[in-house]
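Novice: Please find the sequence and the predicted model below.
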Amino acid sequence: MKWFSDLITREGPGVRRDAPPKHGLALLVDVIGREWWALIQLNLLCIVFSLPIVTAPAAQVAASRICALMLDDRPVYLLRDFWDAFRHHFWRATALGALGLAAIAIGVLATWTFLGAAKANIMFALPMVIALSTTVFVVLTTTYALTLLARNGQNLVLVIRLALLGALGRPLPVLGALAIAALLWLAHIIFYPASIFMPAVLNFSFGTLVVTFGVHQAAARLLALDLSASQIGTGARGSAQLRV
């Protein structure tokens, strides 16, 4: 079985050292072209690790971690890196997933309730719009938070704060990425049974890659800004101590 172990744990093909850096959709297409086989394997890992249901948030964070490594053109040892991220972020991912799911469920329930009331009284249309907008914002924040956690986030309070800033500052790329991920599942439904193998082969991992790409640059900037702020704060405290 050594050949199978080598196949799972080997590095990806990478890129030439003299190749110009790619950005935007060119980067996404390049990653898919280089890492398509690893993405299929990642899809299977997502399914297997999500089977107990409660482990789904941790599996999603681990998959986002793999996709972030691919987008950064860093070496990926699929099984080892996935397991390390899954194990390391399990409790934080579970808490974050439960918090996000509860908030989304409350938002959906409120939107549905106000929608029913608006059919009888137009005065409830405004609360319905507010509830719907809040639900979309919570979805964006949860998406940002899972990606930030996958990028070695340690403190949940910090992750949520940065996710709120990301959802406020750059919502459109994430909305587009979520729409593409939703289209994968819509295609599975429309072309069923011809598309019966889509979820097992690409829906989870390719959807995660697109979503991670959608928040990739914003997440990196948010982490860089937080690091800079931390360094400035540390420097200020150090100067104050020296003056004292």
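Specialist: Yep, that arrived.

Novice: Which pLDDT value goes with residue 3?
Specialist: At residue 3, the pLDDT value in this model is 56.

Novice: Repeat that for residue 236.
Specialist: So, for residue 236, pLDDT stands at 44.

Novice: Over to residue 129?
Specialist: 93.

Novice: what's the neighbour count on it?
Specialist: For residue 129, the neighbour count with other Cβ atoms under 10 Å is 14. In this view, the C-beta of every residue, glycine as well, is placed from N, C-alpha and C.

Novice: That one: which element?
Specialist: Assessed by DSSP states H and E, residue 129 sits inside helix 125-150.

Novice: Could you give the separation of that helix from the chain centroid?
Specialist: 14 Å (Cα atoms, centre = their mean, to the nearest Å).

Novice: Kindly report the same for stretch 159-178.
Specialist: For stretch 159-178 - counting by Cα atoms, centre = their mean - the centre lies 10 Å from the chain centre.

Novice: picking up where we left off before, which positions in the helix holding residue 129 come out as buried?
Specialist: 127-128, 131-132, 134-150 (16 or more other Cβ atoms under 10 Å).

Novice: Between helix 125-150 and whichever helix or strand comes after that helix, find me the angle.
Specialist: Using DSSP H and E, the helix or strand that follows helix 125-150 in sequence is helix 156-169. Compare the direction of helix 156-169 with that of helix 125-150 by axes from the mean of the first three to the mean of the last three Cα atoms, to 10 degrees and you get 130 degrees.

Novice: Kindly format the C-alpha coordinates of helix 156-169 as CSV.
Specialist: These are the backbone C-alpha positions of helix 156-169, laid out as CSV (Å, rounded to 0.1, in the frame of the first residue of the first chain):
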residue,chain,number,x,y,z
LEU,A,156,-12.4,33.3,18.3
VAL,A,157,-13.2,36.8,19.4
LEU,A,158,-10.5,38.2,17.1
VAL,A,159,-11.6,36.0,14.2
ILE,A,160,-15.2,37.1,14.6
ARG,A,161,-14.2,40.8,14.8
LEU,A,162,-12.1,40.5,11.6
ALA,A,163,-14.9,38.6,9.9
LEU,A,164,-17.4,41.4,10.7
LEU,A,165,-15.0,43.9,9.2
GLY,A,166,-14.6,41.7,6.1
ALA,A,167,-18.3,41.2,5.6
LEU,A,168,-18.8,45.0,5.9
GLY,A,169,-15.9,46.0,3.7
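
Novice: Could you give the average pLDDT over the helix or strand that it is followed by?
Specialist: Past helix 156-169, further along toward the C-terminus, the next helix or strand under DSSP H and E is helix 171-190. Throughout helix 171-190, pLDDT has a mean value of 90.

Novice: so where's the chain shaky on pLDDT?
Specialist: 1-23, 152-154, 219-244 (pLDDT under 70).
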